[in-house]
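**Q** Fold the following for me, if possible:
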Amino acid sequence: MQINDDWKVETDEMNVVLFHRDKKRRDDSKGHWRPVAYYGTLSGALESVLNREICGTGLKDLKVLNNKVESVNNDIKQAVGRIRKVA
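**A** From the prediction side, this is the model:
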């Protein structure tokens, strides 16, 4: 399930795997997905995306922080909505 342009989750038999797009690779203009963490639940992986995005703001400005939280929450809701339409 792709959450947004930078994050996606996939599952295997044991884990929910969180992937981040590495846009710094020169050999791939679209970026390369790399696993960054493994979770026992989907909710754990989604919480991690939110926490990682919040930390990426530098926590310098409450307005920026609030906008980031709203943006990531919206991305998650849209991704879940796409799954519900398929199922």
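**Q** biggest helix in this structure, by residue count?
**A** helix 62-86 (DSSP state H).
**Q** which helices and strands does that helix pack with?
**A** If contacts are counted by 3 or more C-beta pairs under 8 Å, 6 or more residues apart in numbering; DSSP states H and E, helix 62-86 sits against helix 42-56. C-beta: built from backbone N, CA, C; applies to glycine.
**Q** Against which helices or strands is the helix it packs on packed?
**A** strand 7-11, strand 16-22, strand 32-39, helix 62-86.
**Q** Let me see the mean pLDDT of the third one.
**A** In this model, strand 32-39 has an average pLDDT of 94.
**Q** partners of that strand in the sheet?
**A** Counting by DSSP bridges, the strands paired with strand 32-39 are strand 16-22 (antiparallel).
**Q** Direction-wise, compare the partner strand with strand 7-11 and give the angle.
**A** Using axes from the mean of the first three to the mean of the last three C-alpha atoms, to 10 degrees, the direction of strand 16-22 lies 150 degrees away from that of strand 7-11.
**Q** worst-scoring helix or strand of this structure, pLDDT-wise?
**A** helix 62-86 (a mean of 80; mean pLDDT, DSSP states H and E).
**Q** circling back to that earlier point, for the helices and strands packed on helix 42-56, give me TSV that also has mean neighbour count and distance to Asn51.
**A** As requested, the helices and strands packed on helix 42-56 are exported to TSV (neighbours: other C-beta atoms under 10 Å; distance: least, C-beta to C-beta, whole Å):
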stretch	mean neighbour count	distance to Asn51
strand 7-11	18	12
strand 16-22	18	11
strand 32-39	14	11
helix 62-86	12	9
